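**Q** predicted model and sequence below, questions to follow.
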Amino acid sequence: MKTSHTAFLISILLLASFSSLTHGLLLNGLQIGAVRVNGVLFCSLDGNLRGNSPPLSGAIVQLSCAGSQTNLGQALTNPAGAFVVLVRILDTILFDPSSCFVRVNLPVATCSVFPPDGALTASINLVNIVQTAILNIANFTTGPFVSSVL
């Protein structure tokens, strides 16, 4: 009897894994399976390139949605200040581009700039959607960073 229960549970899990999400992220009429957010940070009061501002490396960047209630992912800036935050397939259900933003807290070891509110945030903008045989990937980039309290 226990074997039949186990077989039943395995068959249910297999069916669930092959079915698509019915309430996932839909952009431009396409079901989105993954989200990438790219950006670059510089060591300046607003995180944007100003004159000879060096790149902001080693900073933790967080992607949040719905105010600051939901953190969907984070990344570490590389030596050039660049980062890529990847959002997993299941988390795309929680992803709403109109309410999502990128946030970084300062100062960090590689940058002793102190923004008035201690953090920089940036909106995100859709760049394109890449269609693959497996899933559709929505690529976003950050808008200008600003100092703000969230």
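**A** Yep, that arrived.
**Q** mean confidence for stretch 122-140?
**A** Across stretch 122-140, pLDDT averages out at 93.
**Q** which positions within it qualify as buried?
**A** For stretch 122-140, the buried set under the neighbour-count rule, 16 or more other Cβ atoms under 10 Å, comprises 122-124, 136-138, 140. C-beta coordinates here come from the backbone N, C-alpha and C atoms, glycine included.
**Q** farthest pair within the residues you listed?
**A** Pairwise distances among the buried residues of stretch 122-140 were taken by Cβ to Cβ; the largest, 23.8 Å, belongs to Ala122 and Asn136.
**Q** Three-state assignment for Ser98, please.
**A** Under the three-state scheme (DSSP: H, G, I helix; E, B strand; the rest coil), Ser98 adopts helix.
**Q** so what's Gly58 up against?
**A** Residues in contact with Gly58 (Cβ atoms under 8 Å, 6 or more residues apart in numbering) are 76-77, 108-110.
**Q** how about the helices in this structure?
**A** Taking DSSP state H as the test, the helices found in the chain are 2-18.
**Q** residues contacting Phe114?
**A** Contacts of Phe114 by Cβ under 8 Å, 6+ apart are 106-107.
**Q** how about the strands in the chain?
**A** Here the chain has its strands, by DSSP state E, at 26-27, 30-31, 34-40, 60-65, 70-76, 82-87, 101-105, 119-131, 136-142, 146-147.
**Q** list the helices and strands the third one packs on?
**A** Same thing as strand 34-40. strand 82-87, strand 119-131, strand 136-142 (3 or more Cβ pairs under 8 Å, 6 or more residues apart in numbering; DSSP states H and E).
**Q** run the last query once more with 10 Å
**A** Applying 3 or more Cβ pairs under 10 Å, 6 or more residues apart in numbering; DSSP states H and E, we find strand 34-40 packed against strand 60-65, strand 70-76, strand 82-87, strand 101-105, strand 119-131, strand 136-142.
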